[in-house]
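Q: sequence isn't available, so here's the structure alone:
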């Protein structure tokens, strides 16, 4: 088991958002978390990554058998937990290249690997950025500053490829993408799939699932997973809408 | 930089942040406390100055007596009145009382001291390609690379030597950019300045190496009043750097310097400062009052003067490196990072005075406020009636760290020519939680994340610094903010 979430209750300020969520993810699996706006999908992604605004009221999250909630966000990242952000932050004056180098070095150092030389790093970066069609000029610009929506999302996938995590949580990485960009992002995600790694995709639409085939699909409603199934559940949802699950869950 | 722990001998304050706070154990020749005509005469006599120099000093001194004894009050800084009669106006290492000597004659204590500061004076262990004039308290103790500069025809020496050896140049240009009556501190400096650097680059010469002056205050209760004069003759180029540190003292030290730059036709002067005077302790005890007048005259057609400053030290910084754009098509630039932490106060900025046609100026000022620091950008852009087609671009950005600090932007704009154009942009931001979390999610610690954002904020300025100093500037920011972020 890579990730196990049991009875997770999370709030922001006075508002309860997750209300007893359970989820188990094994290595090699791709899970899709679907649900309407405000159901708690992004909260789940951010809690796994360790965003400080969220308070875990109750429940357990274990990652590789360790208590994930006891780790700082940067410790989780170094241990192989990656989140692709729905709204990646802009970092004025910080070059994408420099940012990626610092991140890769931090993660490698934690894993007892030596720092990459500039040449080795550039070789790796060239390979990975070609995969997500990011040109060499873009990595010289400030992180996410002046990037289009699609560029930001591709940049997130680039970071995932560079950092080589064990668990990747993608928070609506497919939203706002045109069909070409969606295919590029999906290709990036697919090439990341491996028997030792797992992906949790938080998404609104089943569209990306046509490119990245999930092993499990979960419907998140009002802070709880109310239904789980295979790929066919996504198609059923597409056809019948969330009201159908809501009615069944009630 | 070597990690070293410093315990101030006088205060017993243990300070791991200010690594330049040690005292050099050097015997000094100091003047009696207080200021009067005799002191001015004494300084002049020590320097064996010609009569005209003494007269100029005395004129300045007599003018100073007529000014409000507390100096200008308009700056957004607070401090107790300075007792000008309780200060020492001249201090020189005894071994140096006969003026600067060749390097092998310099007191080994002094060489060792500068080594500790990371400024090796022995030319063998030189900072690659940088000629250094080292100023300790009131006098220049050594100037490196003399031979190489001589070959290029560049004069780079202490002000005292220049008065002796190049009196015509000094007499022609001293006070031509900052007159002795300019302002309270500049007037005081004109009366009692003790040393500083002088540089003259002849026509058509591109100075082959970077020139640097390293200022160090060592003596207790001593004011430092150095005066620097740089003249770039027609079509020449020079890049000049200054660095400054002082020991930790619980009393304040006054530093009132004057820098004058003159660029003739087609000449370019690039002047960079890393200012790291002792900032005082967390509660605002001690620290240097840095009250400095810096001004350049882009006198010739197509001349250019560029100021870059990284101000991290001093208890109070009061300085406005300015450019008078007199020649047609001349260019003035001001790039600044001013950082305040703990109880530090800075009121700094620039003045761009456009006189010539098609003159252009650029101002990029970045202020970082942390702790209970207070940072003010004050800048003036003036377009005179003669400045047809003149242009200015100003950008002021403030970054706040924590919620007890302050940032202020005070622009003054005066346009008296209808064809002149100005642009002014200003932003204020905080390091956001979203940015920090983003970086942390990529494996960087909170502290690293903060520095990355702060360095990014300063990037546009750091890239204006000579290469070797950009890394030092970034290191300086980190040291100055230690314990504040993360």
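A: Received it, and whenever you're ready, just let me know what you need. This structure is a prediction, so every number in the text was calculated from the model and none was measured.

Q: residue numbers of chain A in contact with chain B?
A: Residues of chain A lying close to chain B (Cβ under 8 Å from any Cβ of the partner chain) are A:49-53, A:72-74, A:76-78, A:82-83, A:85, A:87-94, A:98-99, A:102-103, A:106-107, A:110, A:142, A:159, A:163. Using the backbone N, CA and C atoms, a C-beta is placed for each residue, glycine as well.

Q: now, those residues that are in helices?
A: Counted as lying in helices by DSSP state H, out of those, are A:49, A:73-74, A:76-78, A:98-99, A:102-103, A:106-107, A:110, A:159, A:163.

Q: ok, so of the residues you listed, who is nearest residue B:290?
A: Minimum distance to residue B:290 across these is 32.0 Å, recorded for residue A:98 (Cβ to Cβ).

Q: what's the burial count for the closest one?
A: By the criterion of other Cβ atoms under 10 Å in any protein chain shown, residue A:98 has 19 neighbours.

Q: circling back: filter the residues of chain A next to chain B down to just the buried residues.
A: Among those, those classed as buried by 16 or more other Cβ atoms under 10 Å in any protein chain shown are A:49-51, A:73-74, A:76-78, A:82-83, A:85, A:88-94, A:98-99, A:102-103, A:106-107, A:142, A:159, A:163.

Q: return the helix or strand in chain B with minimum mean pLDDT.
A: Here the helix or strand of chain B ranked lowest by mean pLDDT, DSSP states H and E is strand B:6-7, holding a mean of 36.

Q: quick one, longest strand in chain B?
A: Secondary structure of chain B per DSSP state E: the longest strand is strand B:287-298.

Q: next to chain A, which bits of chain B? Give me the list.
A: Close to chain A, as judged by Cβ under 8 Å from any Cβ, chain B has residues B:432-435, B:437-446, B:448, B:452-453, B:455-460.

Q: which ones among those lie within strands?
A: Those of those lying in strands (DSSP E): none at all.

Q: buried subset of those, written for PyMOL?
A: Remark: buried members of the residues of chain B next to chain A, expressed as a PyMOL selection using 16+ other Cβ under 10 Å:
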select buried, chain B and resi 435+437+438+439+440+441+442+443+444+445+448+452+453+455+456+457+458+459+460
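
Q: who does the helix or strand residue B:228 falls within pair up with?
A: Using DSSP states H and E, residue B:228 falls within strand B:227-232. The strands that strand B:227-232 pairs with in its sheet are strand B:197-201 (parallel), strand B:258-263 (parallel) (by DSSP bridges).

Q: lowest-confidence stretch among those?
A: Ranked by mean pLDDT, the strands paired with strand B:227-232 end with strand B:197-201 at the bottom, a mean of 94.

Q: give me the next element, helix or strand, following that one.
A: Counting by DSSP H and E, what follows strand B:197-201 is strand B:210-216.

Q: who does that following strand pair up with?
A: strand B:130-136 (parallel), strand B:237-245 (parallel).

Q: worst average pLDDT in those?
A: Ranked by mean pLDDT, the strands paired with strand B:210-216 bottom out at strand B:130-136, with a mean of 66.

Q: what about the strands in chain A?
A: A:3-12, A:15-25, A:30-34, A:55-63, A:66-67, A:81-84, A:91-95, A:142-143, A:167-171, A:198-203, A:216-221, A:224-229.

Q: okay, now the unreliable bits of the stretch 201-350 of chain B?
A: Under the criterion pLDDT under 70, the flagged ranges of the stretch 201-350 of chain B are B:217-221, B:244-250.

Q: tell me what the closest residue to chain A within it is bridged to.
A: Closest residue of the stretch 201-350 of chain B to chain A, Cβ to the nearest Cβ: residue B:337 (11.6 Å). Bridge pairing for residue B:337 (DSSP bridges) gives the partners residue B:310, residue B:366.

Q: hmm, residue A:20 is touching residue A:226, no?
A: No - between residue A:20 and residue A:226 there is no contact under Cβ atoms under 8 Å: 10.9 Å.
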